[in-house]
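Chemist: Sequence and predicted structure below; questions after.
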Protein chains: 2
Amino acid sequence: MKSLSKRGLSMPSSPIRKLAPYADKAKEKGRHIYHLNIGQPDIHTPDSFMQPIKNLDMPVLAYGPSGGFLSLRKKLTEYYARYDINLNHEDILVTTGGSEAIIFAFMAIADPGDEIIIPEPFYTNYNGFAVEAGVNIVPITSSIEDDFQLPPIARIADQITDKTRAILICNPNNPTGYVYSEEELEALRKIVLEHNIFLLADEVYREFTYDNLQHKSILTLSEIEDRTIMLDSVSKRYSACGARIGMIASRNEEVISAALKFGMARLCPPSIEQIGVEAGIDTPKAYFDEVLDEYRERRNVMVGKLREMPGVVAPMPKGAFYLVVKLPVDDADAFTQWLLTDFHIDNETVMIAPANGFYFSAGLGKNEVRIAYVLRIEDIKKAMHILSEALKVYPGRSEPVSQAQASQHMAKH
Amino acid sequence: MKSLSKRGLSMPSSPIRKLAPYADKAKEKGRHIYHLNIGQPDIHTPDSFMQPIKNLDMPVLAYGPSGGFLSLRKKLTEYYARYDINLNHEDILVTTGGSEAIIFAFMAIADPGDEIIIPEPFYTNYNGFAVEAGVNIVPITSSIEDDFQLPPIARIADQITDKTRAILICNPNNPTGYVYSEEELEALRKIVLEHNIFLLADEVYREFTYDNLQHKSILTLSEIEDRTIMLDSVSKRYSACGARIGMIASRNEEVISAALKFGMARLCPPSIEQIGVEAGIDTPKAYFDEVLDEYRERRNVMVGKLREMPGVVAPMPKGAFYLVVKLPVDDADAFTQWLLTDFHIDNETVMIAPANGFYFSAGLGKNEVRIAYVLRIEDIKKAMHILSEALKVYPGRSEPVSQAQASQHMAKH
């Protein structure tokens, strides 16, 4: 068979989606699966978003502008202003999902062989975008013991070379749920200023912060306006993952011009969903308050249950709707697969994502998993019960339950 | 200001869209513009496509599968079978527009520095995809004097090097309207077999052939099943350019696997429009018959009018809804801009695309333009009248009207 490019061969499969065949087989056997493996919320898309689509009066579903509908770009300035992000509509381009915002940013600022520094664990698909753009990722490891805070800035500085084009953060973080502090953002501000590199932030979980924590956008940082690029998406905000509408925003007009050229090549983002997004911006605040209350409660329930399980290390996430936890297993890949192939309670099991796919450095995250709290509290309770029982009997458990219980007992006191 | 990547800087602007600011200014002056510059049909999107979107009952606008909804992929096999293209649903991936199908194909089969041979003039956005993928385009010039048929196969063979990964054709052709004959496809079949390279075909205008000409897909060519990749889109078929739904189809399962990995990185194509496309496949044949009759008539009217204009060379296109014509002007860039800035009849003017952007080789197409016959016949007549009068008075006319008339008169006899 005619062979592929090196790029085609080296492109990673999604580690989040690689267990899908096992899940399909389990479902064929009639097994119910609690999907905590993917950031697909069960929250209803607001009516404000969907109604204009149902009322659509568009005789010709025509091309829109390459940078998105002007009316949407203008409306987005209103949305961002609510978060003290003051933008002109010329600073914003509408993209086909946050994914496209990231790939456009990578391509606009980096050439093949250039480097982008990213704290790990990170959203696994950054790997795919890096392969597509020919960019080398340089990981800086954050650790579960430190609640995944930003690694010491000196360790980041050590990694900057003449190939370094940017530092990319995800804030609030997928997969860890960490929210960067003002001090951490200030440290990043200084380092990009000093080394004359870009600062990119994936801020798609902006709305999802807990315990009265306020998210701060990189676009509010002073003196580096020409080197901050914010990447955004409506997928989580309006529970509209299938809409494929994202944004790239920057006050560096050359960045926006270059992104627009990439946008021109693919003509335009989808038209119908842009109409939904524009109307969605007027969704009543009550919708978001309710959503946030729900997620906070889910988080509390999940972390509470996880911390009751012997040998499990579960930091309290401050934002997004994921957490990375350490499990008392030899290999999280094997364990998450075993949950689908060999374990069930009353014909139900749980699907979670092995965390090694979120680390760039080989060998890290081997006994960690990412869990998304995207189901109703009743379902989360059932799923946590299944996980707890599974850990007790999993053949590859790394330490006996009793010993784990003992060491956890000691750690508490 | 922090500087961009070489890739960001070298990315071309769309030559189709670069005149847009002049058009905007003309509109501000209250001028009506006949848009013959872009392949945006005025044909109504069929009800079969739009109705299920209006009836949408989807509480959560969730992620779909990365390769598109399974039901849509299955339905597409039914659609393709109507054109003697027999595919399994595993051979088809749904992409975000034909654009994404092309970029996935480029990335899956070629690495930076590799070469893809394309007959020119060609769809200008191939340039952008090549820059994104780091692939070098090797053009083979077809000429207006030969109605833009495939250049002699020996000239193509001469360009094949150890860097050559594929030949890409667009069939029916945008911008020329040419439809490749069985003999031409057979010649391509032999050359890709002999040189062990891929054959890619952009077949998005499949439905649009005239004078009882049958379009033949590269997927029907024998013995090269492992090296044919077909790129498709619903944009023109259902007049649904804003839907951003395309397809990549190949019987080379490694190609489809690689494309799926690129697809996983961007998660999924837009969900709502996929529902429209799936239903659209059952659009009654009468809709397409009517559309085709309309385009044939538009083509006939336009070519008739163009051939009446002294000094204009207008081949009769066999498919798609574009034609490339030679105008008696010094510089088509200047002329098309002048139409927007300096010319009008009763406050109306016409927008057409300079053809140089469709040629890769510098200096070619300087006095050619692409015209899309995407308006109603009444409007086409008015637009052709404006063009005809404009050519008479344009200051950069390359030969006097009377001389052009004389030479045209001679050419006819």
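Modeler: Yes, it's here.

Chemist: what's around the nearest residue to A:Thr209 once chain neighbours are set aside, how many residues?
Modeler: Closest residue in space to A:Thr209, ignoring its immediate chain neighbours: A:Gly319 at 4.2 Å, by Cβ to Cβ, 6 or more residues apart in numbering or on different chains. Every C-beta, even on glycine, is put in place using the N, C-alpha and C of the backbone. By the measure other Cβ atoms under 10 Å in any protein chain shown, the count of residues near A:Gly319 is 25.

Chemist: Any stretches of chain A with poor pLDDT?
Modeler: A:1, A:403-413 (pLDDT under 70).

Chemist: rerun that using 50 as the cut-off
Modeler: Residues of chain A meeting the criterion pLDDT under 50: A:409-413.

Chemist: residue ranges of the helices in it, please?
Modeler: All helices of chain A, identified by DSSP state H, fall at A:6-10, A:20-28, A:47-54, A:70-81, A:97-109, A:125-133, A:153-158, A:182-195, A:253-265, A:271-280, A:285-308, A:332-341, A:377-393, A:401-412.

Chemist: ok, now which ones touch the closest residue to A:Arg307 other than its chain neighbours?
Modeler: Nearest non-adjacent residue to A:Arg307, counting by Cβ to Cβ, 6+ apart: A:Ala314, 5.4 Å away. Taking Cβ atoms under 8 Å, 6 or more residues apart in numbering or on different chains, we find A:Ala314 in contact with A:Val303, A:Leu306, A:Arg307, A:Leu323, A:Val325, A:Lys326.

Chemist: Can you tell me which of those is nearest A:Pro41?
Modeler: Lowest distance from A:Pro41 to these (Cβ to Cβ) belongs to A:Leu323, with 15.1 Å.

Chemist: My read is that A:Ala240 contacts A:His44, right?
Modeler: No - A:Ala240 lies out of contact with A:His44 (Cβ atoms under 8 Å); the separation is 10.3 Å.

Chemist: neighbour-wise, which of these two wins?
Modeler: Taking neighbours as other Cβ under 10 Å, A:Ala240 and A:His44 compare with A:Ala240 leading, 28 against 16.

Chemist: Quickly note the distance from that one to A:Ile43.
Modeler: Per Cβ to Cβ, to the nearest Å, A:Ala240 is found 10 Å from A:Ile43.

Chemist: near chain B, which residues of the stretch 201-350 of chain A?
Modeler: Residues of the stretch 201-350 of chain A lying close to chain B by Cβ under 8 Å from any Cβ of the partner chain are A:226-227, A:235, A:238-244, A:252-255, A:258, A:261-262, A:264-273, A:276.

Chemist: now do 7 Å
Modeler: Contact residues, the stretch 201-350 of chain A versus chain B (Cβ under 7 Å from any Cβ of the partner chain): A:226-227, A:239-244, A:252, A:254-255, A:258, A:261-262, A:264-273.

Chemist: Weed out the non-buried ones from those residues.
Modeler: Buried members of these, scored by 16 or more other Cβ atoms under 10 Å in any protein chain shown, are A:227, A:239-244, A:252, A:254-255, A:258, A:261-262, A:264-273.

Chemist: domain parsing for chain A?
Modeler: Here the domain parsing of chain A from automatic domain parsing is A:6-44+A:286-412, A:58-280.

Chemist: which one of those lies closest to B:Met50?
Modeler: Of all the domains of chain A, it is domain A:58-280 that lies closest to B:Met50, at 7.3 Å by Cβ to Cβ.

Chemist: now that closest one, how far from the centre of its chain.
Modeler: 11 Å (Cα atoms, centre = their mean, to the nearest Å).

Chemist: From start to finish, how long is it in a straight line?
Modeler: Using Cα to Cα, to the nearest Å, the end-to-end distance of domain A:58-280 comes to 19 Å.

Chemist: Which parts of the stretch 101-250 of chain A are strands?
Modeler: With DSSP state E, counting those that start in this stretch applied, the stretch 101-250 of chain A shows strands at A:115-120, A:136-141, A:164-170, A:198-202, A:228-233, A:246-250, listed in chain order.

Chemist: deepest of the ones you listed, which one?
Modeler: Highest mean neighbour count of the strands of the stretch 101-250 of chain A: strand A:246-250, a mean of 28 (counted as mean count of other Cβ atoms under 10 Å in any protein chain shown).

Chemist: Kindly spell out which helices and strands sit in contact with that one.
Modeler: Judged by 3 or more Cβ pairs under 7 Å, 6 or more residues apart in numbering or on different chains; DSSP states H and E, the packing partners of strand A:246-250 are strand A:92-95, helix A:97-109, strand A:228-233.

Chemist: buried ones in stretch A:375-385?
Modeler: Using 16+ other Cβ under 10 Å as the test for burial, stretch A:375-385 gives A:Leu375, A:Asp379, A:Ile380, A:Lys382, A:Ala383, A:Met384.

Chemist: what does stretch A:65-85 give?
Modeler: Per 16+ other Cβ under 10 Å, stretch A:65-85 contains these buried residues: A:65-69, A:72-73, A:75-77, A:79-80, A:83, A:85.

Chemist: Closest one of those to chain B?
Modeler: Among the buried residues of stretch A:65-85, A:Ser66 lies closest to chain B (Cβ to the nearest Cβ), at 6.8 Å.

Chemist: wait, that closest one sits on A:Cys268?
Modeler: Yes - with contact defined as Cβ atoms under 7 Å, A:Ser66 reaches A:Cys268; the gap is 5.5 Å.

Chemist: Leaving out the residues flanking it, which one is nearest to A:Ile144?
Modeler: In space, and not counting its chain neighbours, A:Ile144 is closest to A:Lys326: 5.6 Å by Cβ to Cβ, 6+ apart.

Chemist: how much space is there between A:Ser402 and A:Gly396?
Modeler: 17 Å.

Chemist: and A:Asp331, what does it touch?
Modeler: Listed by Cβ atoms under 7 Å, 6 or more residues apart in numbering or on different chains, the contact partners of A:Asp331 are A:Lys366, A:Gly396.

Chemist: what about it, distance to chain B?
Modeler: Remark: distance between A:Asp331 and chain B (Cβ to the nearest Cβ, to the nearest Å) = 23 Å.

Chemist: Now that residue: phi and psi?
Modeler: Main-chain dihedrals, A:Asp331, degrees, to the nearest 10: phi -150, psi 110.

Chemist: Show me what residue of the stretch 51-200 of chain A gets nearest to chain B.
Modeler: Closest point on the stretch 51-200 of chain A to chain B, by Cβ to the nearest Cβ, is A:Gly128, at 3.0 Å.

Chemist: That residue contacts A:Pro12, doesn't it?
Modeler: Yes - contact criterion Cβ under 7 Å: A:Gly128 and A:Pro12 qualify, at 5.8 Å.

Chemist: and the nearest residue to A:Arg189 once chain neighbours are set aside, how many residues sit next to it?
Modeler: Of all residues not flanking A:Arg189 in the chain, A:Leu221 sits nearest, at 4.7 Å (Cβ to Cβ, 6+ apart). Other residues lying near A:Leu221 total 21 when counted by other Cβ under 10 Å.
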